[in-house]
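Trainee: Provided below for reference: sequence and predicted model.
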Amino acid sequence: MKYYLRSSHDRWEVEIQERADGEYRVVETGGEHEAHFADVDRQGQYLLRLGSRTYAVSIDEHDATHLMVTIAGESFQLRAFDERERAARKVAGGGRPRTEVVRASMPGVVVELRCAPGDNLAPGQAALVLEAMKMQNEIAATHGGVVREILIEAGQAVAAGQPLLRLDVPPADESPAG
Amino acid sequence: MKYYLRSSHDRWEVEIQERADGEYRVVETGGEHEAHFADVDRQGQYLLRLGSRTYAVSIDEHDATHLMVTIAGESFQLRAFDERERAARKVAGGGRPRTEVVRASMPGVVVELRCAPGDNLAPGQAALVLEAMKMQNEIAATHGGVVREILIEAGQAVAAGQPLLRLDVPPADESPAG
Amino acid sequence: MSAPFQKLLIANRGEIAVRIQRTCRELGIATVAVHSSADRHALHVRLADEAYEIGGPAPADSYLRGERILDVARRSGAEAIHPGFGFLAENPAFARAVEESGLVFVGPPAHAMEVMGDKIASRRAMQAAGVPVVPGGTAPVADAAAAAITAAEFGYPVMLKASAGGGGKGMRVVHAAREMDAAFRTGSGEAESAFGDGRMYVEKYLAEPHHIEVQVLADAHGRTMHLGERECSIQRRHQKLIEECPSPTITDAQRQEVGEVAVRAAAAVGYRSAGTVEFLYSQGAFYFLEMNTRIQVEHPVTEEVYGVDLIEWMLRIAAGEELDLPEGMKPRGHAIEVRLNAEDPENNFMPVTGTLRNLRLPGGPGIRIDAAIYSGMEVTPHYDSMLGKLVARGRDRDQARRRLERALAELHLGGVTTSAGLALELLRSDEFVRGEYDTGLLERFRSADAGAAGSALERVAAIAAALHRHHAGKRRGLAALAADPRRSPWAEAGRQAGMRGNGGPRE
Amino acid sequence: MSAPFQKLLIANRGEIAVRIQRTCRELGIATVAVHSSADRHALHVRLADEAYEIGGPAPADSYLRGERILDVARRSGAEAIHPGFGFLAENPAFARAVEESGLVFVGPPAHAMEVMGDKIASRRAMQAAGVPVVPGGTAPVADAAAAAITAAEFGYPVMLKASAGGGGKGMRVVHAAREMDAAFRTGSGEAESAFGDGRMYVEKYLAEPHHIEVQVLADAHGRTMHLGERECSIQRRHQKLIEECPSPTITDAQRQEVGEVAVRAAAAVGYRSAGTVEFLYSQGAFYFLEMNTRIQVEHPVTEEVYGVDLIEWMLRIAAGEELDLPEGMKPRGHAIEVRLNAEDPENNFMPVTGTLRNLRLPGGPGIRIDAAIYSGMEVTPHYDSMLGKLVARGRDRDQARRRLERALAELHLGGVTTSAGLALELLRSDEFVRGEYDTGLLERFRSADAGAAGSALERVAAIAAALHRHHAGKRRGLAALAADPRRSPWAEAGRQAGMRGNGGPRE
């Protein structure tokens, strides 16, 4: 089986052949490894051995393809696809969306709007200010683009995940993170 | 619902009326309480509130009726029966068995036999010596009685739980621990 | 050793409530917890002797309701109330109400709180006591235009601050006149929302200063002393992330000097209890910034290095005991603390919510964990994002830093994004290793570095992710052969009961 | 500060392997783990940089296979081997084999081990060096009859000891001649099995003595020093359960005296590395008991009070560095350690096996946990029953004891019976609180007290048990309405995958 991994700035292809329960042969750009991989506590702690190197790995699943992998205190946000999922994504036109919906990352109150329909927001540029946990938090667009629609008003309370605005994302080369 | 609890030296009857999810009225010899009881982590940690007193309770189940309850570092081995189970036990003739099977509490090697068929062992008296974890451990009968049968030989390796000898327990008043 | 009180109410939650409970249990003091409906199963409730629910999840409905808390104190027979930090800790009206109820407030006198709680009043009091302050206005400015006029006097950059402020709320750096409008609006709005007081004032902005604060203790018998300083220059959004004791920046003579200034500052307002005098240190000079009239988040680094229990001293002082620590205590070894916040450093430190799981906590020599977390705990938007603190001590700064680095590598908190990974990177940065950093470190570090990018471990993480997908896919494949397609909550409960109960009654 | 080695092989498992790894990580030394097939997922494997499986679960098939371990050291490029405690730690042949391979053995010279490892040879060496020893025979006795003759010389009670012994194995107290036969038989059998050497000798039995031991450090440049003593008088089955530093029994002058005797004892055998000289203390006099030529389980209490990392010193000394700790170091504060053993105090401390779950670990000021446990860990019969250690330090003995008591109340280790509850009772006993106890405490305490019987919490536990049954019954009742009756392992795996994977691939 082959898997396709992406971080915000890099990508890997990893081929896995299962030799025995928990024993694998792993082939990736960096080389081939005899690997052992085991779920040690059913809570998210894993042992990974590559050759003789060992790693205490913590894995937290956001969903099946979004994983946070932590090794020795360093955390990596990764997306992981199998061949079927990758094919499905290709058909859907690659990773970069044509529109971006900016959502509330947590419940709060919109205390300031910093854009209007038609404004062009750069990637990472603050679109509005959300007050939550007693802090004023700037909410930014990830891809940026032209503001098509603003879905809330200043002063409005919003729930976590609630859509706040919709942008038209300009076409570009496929970004590594999809 | 009424429950019957026993430790090695005491017994309690506890009646539980459910008021709302997690909220109970508890009636026992020591009085009546408004109680809140909640499983906080699905791993064995519970909150118990009796009136305004709160307790961080750890519960480990050996099986449905054998519980180890730990509060503030003090552990209590308890047996807990509901009404149906208690009735079944009464029919079965009370807690005290007519025969006792002494078992190996862990894997090891029998290095010495200290009794022979026909011997009368007192409760707690060592019947044999089992070597395990590099220690010589005396294995004793709980209830004691006359040795009817010895099921192993000195020098033999035994598995955890393996029956070692069988005793005829003399009749007696029902002991609190059953 | 006798207990200063028989029963104490702790008007707080989370790790500071548990921290106070620990000292109480050690001293034989029974504890009364109060909690919101969201905290019904929290660790501070479970570890208390008694607990009372006082309202809904929002702080205004529970932890800020002084009247209800006083009522619980009376009903439960508590003799004293410890407010922890945040919530009612620096509210003079609450402190007065406690004392007027005939109970003991474990903290400073209300008057000291009032003076120090007002930026402008405290600046005036300090100037009168001969304590150096940051150059700046001493009165609130009416609006952005007035602020711009004052700013022009000192020259940009200036710092806009909330008159009622603390914890960085409402604070804004303004680099030029054209930024003043937006900064005043959001800063004042934040202050209004946090303190119910949107007044702002202007101070000279010291470029990349050090944040150095002095721990003081004062008893009711006229003795005020200090327990050295803490360096807290690593901040994000004007909130501290890493703190250490002693400061790697100042000399023994400067420690003595700033300690004496802090004692003078505390004595000037008739201080009693534990408190912290914060200074900016820039080009060899200390400037009074504010006094925090409470126990502080980062108090453990002082405890580790001076061998004292500050919570115990707060309780003893509140009970009228004399502060009998020796004069001129010296720091012994070094301690560094990292705050573990549920927040996303990649997203401007936005607080995040979630359910804690997959916890792996470090141990071994020199490691202290102050937290109130457990697997299954909900991190909600109602409260501060700090989950706990990881503290390392060592014979010297190098050992403390290496131990903390080692412990962060062992630590894992799953279910939420935290600041732990960033803290580890900071500890490894050249500036931190050399002990030559100031409040600009975090920003410089982040603009120079794209986080863990380029780490040799990333490739290993990718392999682990692939193996995890493979593993999970295999489990799902097996499951498809046998599993029940229904996924109702009842069926779920049944499965769990079956797994835990070992299949039902058995004898 | 430079690292004494680049890469170290740790020839051990469990908490001591993790303890050594922690210091290595702090010093920048890469670690190589070896493990049995039973320990494939153990924490010491996961936290290592490299790991090699060396055989089956039984120690004789893995952790005792010196040749295989040496082979791994060569293959991995490790420069040195730390043996931990137990297994090969006091095996002179292994130490020699390591040195002959051109690697460094992190421990004493083989000759010192040999002398101290033989009870009779060490008694002779100590007598020659003017170190007082317990009155007794200096040659092994042929059989029970010969033992009885020697015993008659000193008068009963006497102590039968294994000539090759250590850790209480083979040791028997004999109160009268009629007990000699059985005691000799089981003691010699135990010694034969533990050490491959069943020889026994006889010593005068000191009634209820104190077990006091001195930590020594010696470098390769002729310096030998001591770091005070530990009181280890609370023992079960001749194995220590609670240890503290300093001893509450002896005076400063006695500390100095016994420390100097210990230095003399170590120097007499050309000692190098960390080691412990054990004494019995009875009626004002110290008697040499044995020297443990390794790091000891209870080393953390010394580390906490003297502020040193003993593992680091073992590594530095092994690398040839000079011991540059100051002369005459004084204890600062107090530390107490409780061993957390998987054993049943109600059943003569029999080791127990099981799967660890439901872990709740304490934190807060003054608490240190040295362990290698995790939820889901199998406690097998193959290895020592010690899961880890809980250590508290305080400014004085009273604070350390209160902190440890508080931490034990927070601790929970589920899935196996442990010694933690008994330790808590002992800490609360009058004798321990007063610091007036000897090796007879545990036995006196247990015969006077029926464990937790009569605790006010037992009734609360019974109510919790009833509510738990009710809760479980309700879940089962709900489950019966909806659950799938099949309970195959595949269906189980499917349920878990379903719960964890959030219902399959999604984008």
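Mentor: Yep, that arrived.

Trainee: Could you report the pLDDT at the residue in the stretch 351-500 of chain C that chain A sits nearest to?
Mentor: At 3.2 Å from chain A, residue C:358 is the closest residue in the stretch 351-500 of chain C, using CB to the nearest CB. C-beta: built from backbone N, CA, C; applies to glycine. Residue C:358 is assigned 96 on the pLDDT scale.

Trainee: Could you do residue A:177 as well?
Mentor: Residue A:177 is given a pLDDT of 38.

Trainee: got the CA positions of the helix or strand hosting the residue of the stretch 351-500 of chain C closest to chain A in CSV?
Mentor: Element membership for residue C:358 (DSSP states H and E) is strand C:357-360. Taking Å, rounded to 0.1, in the frame of the first residue of the first chain, the C-alpha atoms of strand C:357-360 are listed here in CSV:
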residue,chain,number,x,y,z
ARG,C,357,-6.7,12.9,25.7
ASN,C,358,-3.6,10.9,25.1
LEU,C,359,-1.7,12.5,28.0
ARG,C,360,1.9,11.6,28.7
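
Trainee: could you say what helices and strands it packs with?
Mentor: strand A:53-61, strand C:412-414 (3 or more CB pairs under 8 Å, 6 or more residues apart in numbering or on different chains; DSSP states H and E).

Trainee: Kindly state which of the ones you listed is positioned closest to residue C:188.
Mentor: Nearest to residue C:188, of all the helices and strands packed on strand C:357-360, is strand C:412-414, at 35.2 Å by CB to CB.

Trainee: is the helix or strand following the closest one up against chain A anywhere?
Mentor: The C-terminal neighbour of strand C:412-414 among helices and strands, as given by DSSP H and E, is helix C:420-428. Yes: legend: contact between helix C:420-428 and chain A by CB under 8 Å from any CB of the partner chain is shown at C:420, C:421, C:424.

Trainee: can you pull the buried residues of helix C:420-428?
Mentor: Across helix C:420-428, burial judged by 16 or more other CB atoms under 10 Å in any protein chain shown covers C:420, C:421, C:422, C:423, C:424, C:425, C:426, C:427.

Trainee: Repeat that for stretch C:352-368.
Mentor: Those buried within stretch C:352-368 under the rule 16+ other CB under 10 Å are C:352-354, C:356-368.

Trainee: sorry, back to before: skip ahead from the strand holding residue C:358 and say which helix or strand is next.
Mentor: Next element after strand C:357-360 (DSSP H and E): strand C:367-371.

Trainee: who does that following strand touch, helix- and strand-wise?
Mentor: Strand C:367-371 sits against helix C:14-27, helix C:299-306, strand C:386-394, with contacts defined as 3+ CB pairs under 8 Å, 6+ apart.

Trainee: Within its sheet, name the partner strands of that strand and how each one runs.
Mentor: Applying DSSP bridges, strand C:367-371 is found paired with strand C:386-394 (antiparallel).

Trainee: Could you check the angle the partner strand makes with helix C:14-27?
Mentor: For strand C:386-394 against helix C:14-27, the angle between stretch directions is 60 degrees (axes from the mean of the first three to the mean of the last three CA atoms, to 10 degrees).

Trainee: Quick check: what element follows strand C:386-394 along the chain?
Mentor: helix C:397-410.

Trainee: quick one: secondary structure of whatever residue of chain A ends up closest to chain B?
Mentor: Nearest to chain B in chain A, going by CB to the nearest CB, is residue A:43, at a distance of 8.8 Å. Look at residue A:43: counting by DSSP: H, G, I helix; E, B strand; the rest coil, its state is coil.

Trainee: give me the number of residues near it?
Mentor: 18 (other CB atoms under 10 Å in any protein chain shown).

Trainee: State the distance from the nearest residue to it once chain neighbours are set aside to residue B:38.
Mentor: Excluding the flanking residues, the one nearest residue A:43 by CB to CB, 6 or more residues apart in numbering or on different chains is residue C:358, at 5.0 Å. Applying CB to CB, to the nearest Å, the value for residue C:358 to residue B:38 is 22 Å.

Trainee: from the buried residues of stretch C:352-368, which is closest to residue C:261?
Mentor: Nearest member of the buried residues of stretch C:352-368 to residue C:261, counting by CB to CB, is residue C:368, at 29.4 Å.

Trainee: re earlier: closest to residue A:123 among the residues of helix C:420-428 next to chain A?
Mentor: Distances from residue A:123 to the residues of helix C:420-428 next to chain A, taken by CB to CB, are shortest for residue C:421, at 22.6 Å.

Trainee: how far away is that closest one from chain D?
Mentor: 17 Å (CB to the nearest CB, to the nearest Å).

Trainee: Apart from its chain neighbours, what residue comes closest to that residue?
Mentor: Closest to residue C:421 by CB to CB, 6+ apart is residue A:75, at 4.6 Å.

Trainee: Quick check, the one you found in contact with residue C:419.
Mentor: No: taking CB atoms under 8 Å as the definition, residue A:75 is not a contact partner of residue C:419, at 10.8 Å.

Trainee: hang on, the earlier thing: could you work out the most separated pair of the buried residues of stretch C:352-368?
Mentor: C:353 and C:365 (34.5 Å).

Trainee: Check residue 74 and give its pLDDT.
Mentor: No chain was given, so I picked chain A. 95.

Trainee: that's the wrong chain, I wanted chain C
Mentor: At residue C:74, pLDDT is 97.

Trainee: ok, the helix or strand hosting it near chain B or not?
Mentor: According to DSSP H and E, residue C:74 maps onto helix C:66-76. Yes: judged by CB under 8 Å from any CB, helix C:66-76 and chain B are in contact via residue C:76.

Trainee: In that helix, which residues are buried?
Mentor: C:66, C:68, C:69, C:70, C:72, C:73, C:76.

Trainee: Could you do stretch A:25-33 as well?
Mentor: A:26, A:28, A:33.

Trainee: Also stretch C:399-418?
Mentor: C:399-418.

Trainee: can you tell me which residues contact residue C:201?
Mentor: C:119, C:120, C:136, C:137, C:138, C:139, C:140, C:141, C:160, C:161, C:163 (CB atoms under 8 Å, 6 or more residues apart in numbering or on different chains).

Trainee: okay, and the helix or strand of chain A with the least pLDDT?
Mentor: strand A:135-140 (a mean of 80; mean pLDDT, DSSP states H and E).

Trainee: hmm, that strand touching chain C?
Mentor: Yes: interface with chain C: strand A:135-140 contributes A:135, A:136, A:137, A:138, A:140 (CB under 8 Å from any CB).

Trainee: Alright, calling it a day.
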